[in-house]
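In: below are the sequence and a predicted model for it; my questions follow.
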Amino acid sequence: MKANRFLVSVLAGGATVAALSCADSGPFGPRFLASMRGAPPGLLVDSLARSAGLLWCSALPYDSVTATIGPAGGTLQVGPHALSVPSGALDAPVTITAVAPSDTANHVRLRPEGLTFRLPASLRLSYANCDLLGVPLPKRIVYTTDTLVTLEYVPSVDDVASQTVAGQLRHFSDYAVAW
(Lines give C-alpha, C1' and ligand atoms only; values in the text may rest on other atoms or scores of the structure.)
Protein backbone atom coordinates (compact mmCIF):
# COMPACT_ATOMS: atom_id res chain seq x y z
CA MET A 1 0.00 0.00 0.00
CA LYS A 2 2.79 2.46 0.90
CA ALA A 3 4.65 1.59 -2.30
CA ASN A 4 1.53 2.38 -4.36
CA ARG A 5 1.08 5.78 -2.66
CA PHE A 6 4.76 6.54 -3.19
CA LEU A 7 4.54 5.63 -6.89
CA VAL A 8 1.41 7.76 -7.33
CA SER A 9 3.18 10.70 -5.59
CA VAL A 10 6.24 10.38 -7.83
CA LEU A 11 4.13 10.16 -11.00
CA ALA A 12 1.95 13.12 -9.96
CA GLY A 13 5.03 15.21 -9.15
CA GLY A 14 6.63 14.35 -12.48
CA ALA A 15 3.45 15.22 -14.35
CA THR A 16 3.24 18.55 -12.53
CA VAL A 17 6.83 19.48 -13.39
CA ALA A 18 6.27 18.43 -17.00
CA ALA A 19 3.10 20.51 -17.26
CA LEU A 20 4.70 23.55 -15.66
CA SER A 21 7.75 23.33 -17.90
CA CYS A 22 5.49 23.56 -20.96
CA ALA A 23 3.79 26.72 -19.71
CA ASP A 24 4.76 30.10 -21.18
CA SER A 25 5.47 31.42 -17.72
CA GLY A 26 5.81 30.13 -14.20
CA PRO A 27 8.51 28.47 -12.19
CA PHE A 28 9.80 26.10 -14.89
CA GLY A 29 8.67 27.82 -18.11
CA PRO A 30 10.81 29.20 -20.94
CA ARG A 31 11.10 32.62 -19.28
CA PHE A 32 12.64 31.03 -16.18
CA LEU A 33 14.93 28.72 -18.16
CA ALA A 34 16.08 31.58 -20.40
CA SER A 35 16.93 33.65 -17.33
CA MET A 36 19.08 30.79 -16.04
CA ARG A 37 21.21 30.37 -19.22
CA GLY A 38 24.87 30.77 -18.40
CA ALA A 39 24.23 30.54 -14.64
CA PRO A 40 26.43 28.24 -12.58
CA PRO A 41 24.88 24.72 -12.35
CA GLY A 42 24.39 25.05 -8.58
CA LEU A 43 22.33 28.20 -9.06
CA LEU A 44 19.94 26.45 -11.45
CA VAL A 45 19.40 23.56 -9.01
CA ASP A 46 18.94 26.00 -6.11
CA SER A 47 16.48 28.12 -8.11
CA LEU A 48 14.42 25.09 -9.13
CA ALA A 49 14.32 23.75 -5.57
CA ARG A 50 13.49 27.20 -4.16
CA SER A 51 10.67 27.88 -6.55
CA ALA A 52 9.08 24.41 -6.59
CA GLY A 53 6.46 25.28 -3.96
CA LEU A 54 6.64 29.08 -3.93
CA LEU A 55 4.60 31.31 -6.20
CA TRP A 56 6.56 32.87 -9.06
CA CYS A 57 6.15 36.66 -8.80
CA SER A 58 7.36 39.82 -10.49
CA ALA A 59 9.78 41.56 -8.15
CA LEU A 60 8.31 44.24 -5.89
CA PRO A 61 10.41 47.19 -4.70
CA TYR A 62 12.48 46.51 -1.58
CA ASP A 63 10.87 47.78 1.61
CA SER A 64 11.85 47.77 5.29
CA VAL A 65 9.92 49.05 8.30
CA THR A 66 10.91 49.19 11.96
CA ALA A 67 8.53 50.01 14.81
CA THR A 68 8.13 49.32 18.50
CA ILE A 69 5.08 47.26 19.41
CA GLY A 70 4.10 46.65 23.01
CA PRO A 71 1.43 44.86 25.06
CA ALA A 72 -1.33 46.96 23.41
CA GLY A 73 -0.44 45.40 20.02
CA GLY A 74 -0.07 47.10 16.67
CA THR A 75 0.32 46.72 12.91
CA LEU A 76 3.32 47.01 10.60
CA GLN A 77 2.85 47.56 6.85
CA VAL A 78 5.82 46.52 4.68
CA GLY A 79 5.17 46.90 0.96
CA PRO A 80 1.82 45.23 0.22
CA HIS A 81 2.18 42.93 3.26
CA ALA A 82 1.02 43.48 6.85
CA LEU A 83 1.83 42.08 10.28
CA SER A 84 -0.78 42.53 13.03
CA VAL A 85 0.14 41.84 16.65
CA PRO A 86 -2.93 41.56 18.90
CA SER A 87 -3.26 43.12 22.31
CA GLY A 88 -1.75 40.83 24.95
CA ALA A 89 0.59 39.01 22.53
CA LEU A 90 3.70 40.69 23.97
CA ASP A 91 4.61 41.26 27.63
CA ALA A 92 6.84 44.29 26.94
CA PRO A 93 7.63 46.68 24.07
CA VAL A 94 9.73 45.09 21.30
CA THR A 95 11.43 46.80 18.36
CA ILE A 96 10.27 44.84 15.31
CA THR A 97 11.72 45.02 11.80
CA ALA A 98 9.90 43.68 8.74
CA VAL A 99 11.83 43.44 5.46
CA ALA A 100 10.24 42.70 2.08
CA PRO A 101 13.15 41.95 -0.29
CA SER A 102 12.86 42.60 -4.03
CA ASP A 103 12.70 39.02 -5.32
CA THR A 104 10.76 36.64 -7.57
CA ALA A 105 9.06 35.18 -4.49
CA ASN A 106 6.89 37.29 -2.19
CA HIS A 107 8.41 36.93 1.25
CA VAL A 108 9.14 38.85 4.43
CA ARG A 109 11.87 38.63 7.04
CA LEU A 110 10.63 39.38 10.53
CA ARG A 111 13.09 40.31 13.27
CA PRO A 112 14.10 39.82 16.01
CA GLU A 113 14.28 36.20 14.87
CA GLY A 114 12.81 33.79 17.37
CA LEU A 115 10.50 36.35 19.01
CA THR A 116 7.51 34.40 20.34
CA PHE A 117 3.99 35.58 21.09
CA ARG A 118 1.58 34.73 23.91
CA LEU A 119 -1.22 35.04 21.32
CA PRO A 120 -0.65 34.43 17.60
CA ALA A 121 0.22 37.39 15.38
CA SER A 122 -1.38 37.60 11.94
CA LEU A 123 0.71 37.92 8.78
CA ARG A 124 -1.03 38.91 5.53
CA LEU A 125 1.02 38.46 2.35
CA SER A 126 -0.06 39.78 -1.04
CA TYR A 127 0.24 37.68 -4.18
CA ALA A 128 -1.31 40.25 -6.56
CA ASN A 129 1.97 40.39 -8.53
CA CYS A 130 2.34 36.59 -8.81
CA ASP A 131 1.81 34.24 -11.75
CA LEU A 132 -0.93 31.83 -10.71
CA LEU A 133 -0.52 29.73 -13.88
CA GLY A 134 -4.31 29.72 -14.26
CA VAL A 135 -4.45 27.17 -11.42
CA PRO A 136 -7.11 27.82 -8.75
CA LEU A 137 -5.15 26.15 -5.94
CA PRO A 138 -5.29 27.82 -2.52
CA LYS A 139 -2.26 29.84 -1.54
CA ARG A 140 -0.54 29.33 1.81
CA ILE A 141 2.13 30.94 3.94
CA VAL A 142 5.25 28.92 4.56
CA TYR A 143 7.96 29.32 7.18
CA THR A 144 11.29 29.25 5.31
CA THR A 145 15.02 29.42 5.75
CA ASP A 146 16.75 32.64 4.69
CA THR A 147 17.41 30.92 1.31
CA LEU A 148 13.65 30.25 0.91
CA VAL A 149 13.71 26.52 1.57
CA THR A 150 10.30 25.59 3.02
CA LEU A 151 10.45 24.33 6.60
CA GLU A 152 6.79 24.30 7.56
CA TYR A 153 3.34 25.26 6.28
CA VAL A 154 1.52 27.84 8.41
CA PRO A 155 -2.26 27.41 8.83
CA SER A 156 -3.47 29.92 6.25
CA VAL A 157 -6.60 31.46 4.75
CA ASP A 158 -6.52 32.47 1.06
CA ASP A 159 -8.61 35.55 0.19
CA VAL A 160 -8.88 35.31 -3.59
CA ALA A 161 -10.82 38.59 -3.86
CA SER A 162 -8.02 40.65 -2.29
CA GLN A 163 -5.24 38.36 -3.60
CA THR A 164 -3.80 37.94 -0.11
CA VAL A 165 -3.17 35.00 2.15
CA ALA A 166 -3.18 35.30 5.95
CA GLY A 167 -1.60 33.04 8.53
CA GLN A 168 -1.21 32.91 12.29
CA LEU A 169 2.38 33.16 13.58
CA ARG A 170 3.68 32.03 16.95
CA HIS A 171 7.27 33.17 16.29
CA PHE A 172 9.35 35.38 14.01
CA SER A 173 11.46 34.18 11.12
CA ASP A 174 11.16 34.26 7.32
CA TYR A 175 7.81 33.64 5.61
CA ALA A 176 6.74 33.35 1.94
CA VAL A 177 3.68 32.74 -0.25
CA ALA A 178 3.39 29.18 -1.59
CA TRP A 179 0.89 26.85 -3.22
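Out: Ah, there it is.
In: for this structure, what are the low-confidence residue spans?
Out: Under the criterion pLDDT under 70, the flagged ranges of the chain are 1-52.
In: so where do the helices sit in it?
Out: Using DSSP state H, the helices assigned to the chain run over residues 2-22, 30-36, 41-51.
In: check contacts around Tyr153.
Out: With contact taken as Cβ atoms under 8 Å, 6 or more residues apart in numbering, Tyr153 is in contact with Arg140, Ile141, Val142, Tyr143, Ala178. Where C-beta positions appear, they are placed from N, C-alpha and C, glycine not excepted.
In: out of those, which are buried?
Out: Among the contacts of Tyr153, those buried by neighbour count (16 or more other Cβ atoms under 10 Å) are Arg140, Ile141, Val142, Tyr143, Ala178.
In: please tell me I have it right and the third one contacts Leu54.
Out: Yes: using Cβ atoms under 8 Å, Val142 is in contact with Leu54, at 7.5 Å.
In: joint contacts of these two?
Out: Overlap of the contact sets of Val142 and Leu54 (by Cβ under 8 Å, 6+ apart) consists of Thr150, Ala176, Val177, Ala178.
In: could you count how many residues lie near the first one?
Out: Going back to what we said before, that points to Thr150. Applying the criterion other Cβ atoms under 10 Å, we find 17 residues in the vicinity of Thr150.
In: again, but for the third one
Out: Neighbour count of Val177, defined by other Cβ under 10 Å: 26.
In: from what I can see it touches Leu125, true?
Out: Yes: applying Cβ under 8 Å as the test, Val177 and Leu125 come out as touching, 4.9 Å apart.
In: what residues are shared contacts of the two?
Out: When contacts are counted by Cβ under 8 Å, 6+ apart, Val177 and Leu125 have Asn106, His107, Ile141, Val165 as shared neighbours.
In: quick one: the third one and Pro61, what's the gap?
Out: From Ile141 over to Pro61 the distance is 21 Å, taken as Cβ to Cβ, to the nearest Å.
In: could you do the second one as well?
Out: According to Cβ to Cβ, His107 and Pro61 sit 14 Å apart.
In: how close does Ala121 sit to Ala178?
Out: When distance is defined by Cβ to Cβ, Ala121 is 19 Å away from Ala178.
In: ok, now Tyr62?
Out: Separation of Tyr62 from Ala178 (Cβ to Cβ): 21 Å.
In: do Pro86 as well
Out: Distance of Pro86 to Ala178, given as Cβ to Cβ: 25 Å.
In: hang on, the earlier thing: between His107 and Pro61, which one's more packed in?
Out: His107 (22 against 8).
In: quick check: longest strand of the protein.
Out: Using DSSP state E to assign secondary structure, the strand with the most residues in the chain is strand 116-126.
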